[in-house]
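[1] just coords:
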């Protein structure tokens, strides 16, 4: 039986919100974006590793990264190429902007229908939103089963994947037929590093938009001859219904945003008295340090 | 019609705490809106569950009891929840922000095209006027941290129903209803909602296994030093960490003394952490330790010694015995959080 898989890995470029120290906030209480570089969403790297392991094991397997974001998110596709993927698609269009998870899932599902993979692997959640919704919503839009919180794709028998899941209080092993969606937990193995040869091969891979912005393009002919052009799709390329995209396609609306202010202050001296502990917990809750 | 639904997680005939917390909150919201609170109980061997759900405020329990429905699997539960929601048209639906609720909730929200807000820390009823002059009464304000906890967002779903939200365990209070409502139990004719593909995923194996310890990613760390005194006293730290949704850390002295596992060690020979809140209990504050935690956004020190070096880098110092302080922190956190 042929065991080659056609895999799409869903990945997102996110601001690095993990190492939130005292320099992550400005004095006025807004987020200091300069202190938060754009990175490959960590759990999407865990997802990519699971895809690469399947490719290592099953000859003929291909991996494409699908990402939605601004033109600079092409970096995510290059990072995939440096680690062994076969290509990728950047879904970029102003009409995608302002999407909540549902409108995002709709856009991704439109693109997936064009790519027609057997298997979608995504990180459990992205660190800028922490919702864990896009994976299951894409699965629903495709009408495919989903297995979330995966820690290891243990086996593929040509028809079904056997997957180990990590839940709050234990582990579960399930078998699921293709096509399907898997979301991978951060407790899964880390992604392999970039491969030096692949880095050399793909460092000049660019989208058409990126190439256009170059003053001079000494690698133009190289890109053309070696197929180093990263695919970019807009709304028209994926036959999406504009009403279901972006803000208009998003049932949830943001009513209000409050910045959390971390203020440097003198140590407050408290005792074990009830009043002290009560006001401390109130303060921690009100400042959203807790909750 | 147009009531509040809570999806209740049931394992081995027992209702999960997070579901009882949601019922407590749901009761309060239902009273504010003048509607009913309805609980969904989907699983197997559910006898007696409805009594518990009723004690925590459910007016109505919708039950689907069948061997094929436990343990939880995404697709059959999604089909049943969607089927009931399409008929009953709830205005609000709440799920636990657990590995189950965060698997089920988004699937349901996509199928019904209704918005879902993950990991809410507060749910409040309020009005809204949009820029086009539309006015909305009694919406569910879904309040949650985002951007790694750097912002707090209030999310609303003006037009789509149900308004769906997930809430983490321990965030809401769990309290039996002051007045137990008259209970009505409805058996869901669930087979009509199921499709062939719904049974496609097979559970091969399922068992309880200890989680790998990872304190690096924790937003809150409750850390103990040699001053905690014993391994038994460390369980207090576990309790506080569990209530605050954090992890337990330890100083090298505490690990060397056998109070905690090495994977929890913070400092030069352990891991470096930068949580939003670091609570140092009985930790003197040797450089070996502080080098691994001094970038924490906020530091609270609990120590009997007011001159402990760690107090120099703390935002709050509590001079006192942690055996007295920690139970009070748990009590007042629960009392003050909504």
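    Received, thanks. What you see is a predicted model, and the numbers here were worked out from it, not measured in a lab.

[2] in the stretch 1-150 of chain A, which residue sits nearest chain B?
    Distances between the stretch 1-150 of chain A and chain B by CB to the nearest CB are smallest at residue A:17, namely 2.7 Å. C-beta here means a position set from N, CA and C on the backbone, and glycine is covered the same way.

[3] what is the neighbour count of that residue?
    21 (other CB atoms under 10 Å in any protein chain shown).

[4] using the three-state scheme, assign it.
    coil (DSSP: H, G, I helix; E, B strand; the rest coil).

[5] you'd agree it is up against residue A:128?
    Yes. In this structure, residue A:17 is within contact of residue A:128 by CB atoms under 8 Å, at 6.0 Å.

[6] in the host helix or strand of residue B:333, which residues are buried?
    Using DSSP states H and E, residue B:333 falls within helix B:322-336. Neighbour-count burial for helix B:322-336 flags B:322, B:325-326, B:328-330, B:332-333, B:336 (criterion: 16 or more other CB atoms under 10 Å in any protein chain shown).

[7] what's the answer for stretch A:273-288, then?
    For stretch A:273-288, by 16+ other CB under 10 Å, it's A:276-278, A:280-281, A:284-285, A:287-288.

[8] with adjacent residues omitted, what lies nearest to residue A:244?
    Nearest residue to residue A:244, sequence neighbours excluded (CB to CB, 6 or more residues apart in numbering or on different chains): residue A:106, at 4.9 Å.

[9] no wait, residue B:321
    That would be residue B:304: by CB to CB, 6+ apart, it lies 6.0 Å from residue B:321.

[10] again, but for residue B:144
    Leaving aside its sequence neighbours, residue B:144 sits nearest to residue B:120 (CB to CB, 6+ apart; 4.8 Å).

[11] could you pull up phi and psi at that neighbour?
    phi -70, psi 140 (degrees, to the nearest 10).

[12] point out where the stretch 101-250 of chain A drops to low pLDDT.
    Applying pLDDT under 70 to the stretch 101-250 of chain A flags no residue at all.

[13] now the strands for it?
    A:119-123, A:146-156, A:160-167, A:170-177, A:180-184, A:206-207, A:229-233 (DSSP state E, counting those that start in this stretch).

[14] mind putting those strands into JSON lines with mean neighbour count and distance to chain B?
    Below are the strands of the stretch 101-250 of chain A laid out as JSON lines (neighbours: other CB atoms under 10 Å in any protein chain shown; distance: least, CB to the nearest CB, whole Å):
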{"stretch": "strand A:119-123", "mean neighbour count": "28", "distance to chain B": "12"}
{"stretch": "strand A:146-156", "mean neighbour count": "22", "distance to chain B": "5"}
{"stretch": "strand A:160-167", "mean neighbour count": "21", "distance to chain B": "4"}
{"stretch": "strand A:170-177", "mean neighbour count": "18", "distance to chain B": "4"}
{"stretch": "strand A:180-184", "mean neighbour count": "27", "distance to chain B": "8"}
{"stretch": "strand A:206-207", "mean neighbour count": "22", "distance to chain B": "27"}
{"stretch": "strand A:229-233", "mean neighbour count": "19", "distance to chain B": "21"}
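
[15] for residue B:83, find the nearest of these.
    strand A:146-156 (18.6 Å; CB to CB).

[16] name the helices or strands packed onto that closest one?
    Secondary-structure packing of strand A:146-156 (3 or more CB pairs under 8 Å, 6 or more residues apart in numbering or on different chains; DSSP states H and E): helix A:42-57, helix A:134-142, strand A:160-167, strand A:170-177, strand A:180-184, helix B:101-112.

[17] just how off-centre is the fifth one within its chain?
    Pointing back at strand A:180-184 there. Taking CA atoms, centre = their mean, to the nearest Å, one finds the center of strand A:180-184 at 12 Å from the center of the full chain.

[18] check the longest one too.
    How far helix A:42-57 lies from its chain's middle: 13 Å, per CA atoms, centre = their mean.

[19] wait, does it contact chain B?
    No. Using CB under 8 Å from any CB of the partner chain, helix A:42-57 never reaches chain B; the gap is at least 9.1 Å.

[20] what comes up buried for that helix?
    By neighbour count on 16+ other CB under 10 Å, the buried set for helix A:42-57 is A:42-52, A:54-55.

[21] what do you get for the second one?
    Within helix A:134-142, the residues scored as buried using 16+ other CB under 10 Å are A:134-142.

[22] redo the residues you listed as TSV? Include distance to chain B.
    Listed next are those as TSV, based on distance: CB to the nearest CB, whole Å:
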residue	distance to chain B
A:134	8
A:135	8
A:136	4
A:137	4
A:138	8
A:139	7
A:140	4
A:141	6
A:142	10
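
[23] following the chain onward from the least confident helix or strand in chain B by mean pLDDT, which element is next?
    When the helices and strands of chain B are scored by mean pLDDT, DSSP states H and E, helix B:287-290 comes last with a mean of 85. The C-terminal neighbour of helix B:287-290 among helices and strands, as given by DSSP H and E, is strand B:299-303.

[24] contact partners for the residue nearest to residue B:321?
    B:227, B:282, B:319-321 (CB atoms under 8 Å, 6 or more residues apart in numbering or on different chains).

[25] highest neighbour count among those residues?
    When neighbours are counted by other CB under 10 Å, residue B:282 leads those with 28 neighbours.

[26] hmm, that one is touching residue B:302, no?
    Yes. In this structure, residue B:282 is within contact of residue B:302 by CB under 8 Å, at 7.0 Å.

[27] now the common contact residues for these two.
    Common neighbours of residue B:282 and residue B:302 are listed as residue B:322 (criterion: CB under 8 Å, 6+ apart).

[28] circling back to that earlier point, pLDDT added to the buried residues of helix A:42-57, as a markdown table?
    Output for the buried residues of helix A:42-57, formatted as a markdown table (pLDDT from 0 to 100):
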| residue | pLDDT |
| --- | --- |
| A:42 | 93 |
| A:43 | 95 |
| A:44 | 98 |
| A:45 | 97 |
| A:46 | 96 |
| A:47 | 98 |
| A:48 | 98 |
| A:49 | 98 |
| A:50 | 98 |
| A:51 | 98 |
| A:52 | 98 |
| A:54 | 97 |
| A:55 | 97 |
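
[29] name the nearest of those relative to residue B:179.
    Among the buried residues of helix A:42-57, residue A:43 lies closest to residue B:179 (CB to CB), at 44.5 Å.

[30] okay, the helices and strands packed on strand A:146-156 in JSON lines with distance to residue A:209 next?
    Listed next are these as JSON lines, based on distance: least, CB to CB, whole Å:
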{"stretch": "helix A:42-57", "distance to residue A:209": "22"}
{"stretch": "helix A:134-142", "distance to residue A:209": "24"}
{"stretch": "strand A:160-167", "distance to residue A:209": "36"}
{"stretch": "strand A:170-177", "distance to residue A:209": "37"}
{"stretch": "strand A:180-184", "distance to residue A:209": "29"}
{"stretch": "helix B:101-112", "distance to residue A:209": "30"}
